[in-house]
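[1] structure for the following, please:
(2 chains)
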Amino acid sequence: MKAAVIVFPGSNCDRDAICALRDHTTPDVYRVWHRDTSLPKVDLVFIPGGFSYGDYLRSGAVAARSPIMSAIKDHAERGGLVAGICNGFQVLTEARLLPGALMRNAGLKFVCKSVDLVVENTQTPFSSAYEGQPATTIPVAHHDGNFFADDQVLDRMEGEGQVVFRYVQNPNGSARNIAGIINDKGNVLGMMPHPERAVDPLTGETGGLPFFESLAGAFS
Amino acid sequence: MRAVVYVRPRGGVLDPQGQAVVSALKHLDFPEVLDARQGKIIELVLEDGDATKAKERVTQMCEQLLANTVIEDYQVKIEA
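    Residues are numbered from 1 along each chain as shown, chains lettered A, B, ... in the order given. Predicted coordinates for the structure are as follows:
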């Protein structure tokens, strides 16, 4: 199993993502600059959190049109795994690799705290290790995490098990308490909480560990 | 030639910033304000040319980048 972490100007969770992936998923992690036009041969593309392009225009909007994105779209079309965390989730919706959009938090405030989550679907390569432990705690840190999609789209997503993580207490006004979703093919996931910040007891909590173990398991 | 692009939250999409503007205006004693929608204006300076063609091109820019049509509506005006 090999993974690539994409770095945009303004990404700031790329190093945490690389450490978490190396420690818990695979030793083979590449860092890929957004201006590159091709990916190394990898199984997983990880789009980390941060403030790509200073959140100019809309969060994730400019990054979603970066040169590397067409290689990521090809990778996703071939069935390769793609995970987008926080700003990465915003990038994936802007690139239309995931449905919906992430709007300004309903409370208008930047929310930075640990949140309790329900794992709604453990039948994905990103969440299988949560099997048998339906609740977890992972930190969020965002200003634009208010997930929106039309009711029709939300109904379809719910029906097909595309809601993977849901907030126990909604921190940002997200439709139906949605914290993380997967595409209909089941290979592209986006979530606002940061599992890479919750993998080591030294820094407080380990609710994100099963996320990385799931990915390791997906290729073992 | 100039193009002005107006981008607004789509009808039916909650606009927390617009809501905050309404509440601040009420607080400043403007009770007549019933609603506010906050959007953005993007002014583009274009090479001179055919206005119809320019409008088509700017519409493509809106679809591809300037607006997110999941949550936003846009309107394009071409100025000579």
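
[2] right, and chain B sits closest to which residue of chain A?
    residue A:101 (4.2 Å; C-beta to the nearest C-beta). Where C-beta positions appear, they are placed from N, C-alpha and C, glycine not excepted.

[3] wait, doesn't that residue sit right on residue A:93?
    Yes. Judged on C-beta atoms under 8 Å, residue A:101 makes contact with residue A:93 at a distance of 5.3 Å.

[4] hmm, back to that, show the contacting residues for the residue of chain A closest to chain B.
    Neighbouring residues of residue A:101 by C-beta atoms under 8 Å, 6 or more residues apart in numbering or on different chains: A:93-94, A:147-149, B:68, B:70-71.

[5] in helices, which of these fall?
    A:93-94 (DSSP state H).

[6] can I get the contacts of residue A:101 in CSV with neighbour count and distance to residue A:110?
    Shown next, in CSV, are those (neighbours: other C-beta atoms under 10 Å in any protein chain shown; distance: C-beta to C-beta, whole Å):
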residue, neighbour count, distance to residue A:110
A:93, 27, 19
A:94, 25, 20
A:147, 28, 17
A:148, 23, 18
A:149, 21, 23
B:68, 23, 21
B:70, 19, 22
B:71, 23, 20
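
[7] quick check, nearest of the contacts of residue A:101 to residue B:33?
    The shortest separation between residue B:33 and any of the contacts of residue A:101 is 22.8 Å, and it belongs to residue B:71 (by C-beta to C-beta).

[8] does any part of stretch A:40-59 sit near chain B?
    Yes. If you take C-beta under 8 Å from any C-beta of the partner chain as the test, stretch A:40-59 does meet chain B, through A:57-58.

[9] now stretch A:128-140: average pLDDT?
    Stretch A:128-140 shows a mean pLDDT of 95.

[10] now that stretch, how far from the centre of its chain.
    14 Å (C-alpha atoms, centre = their mean, to the nearest Å).

[11] could you list the buried residues of that stretch?
    Across stretch A:128-140, burial judged by 16 or more other C-beta atoms under 10 Å in any protein chain shown covers A:128-130, A:136-140.
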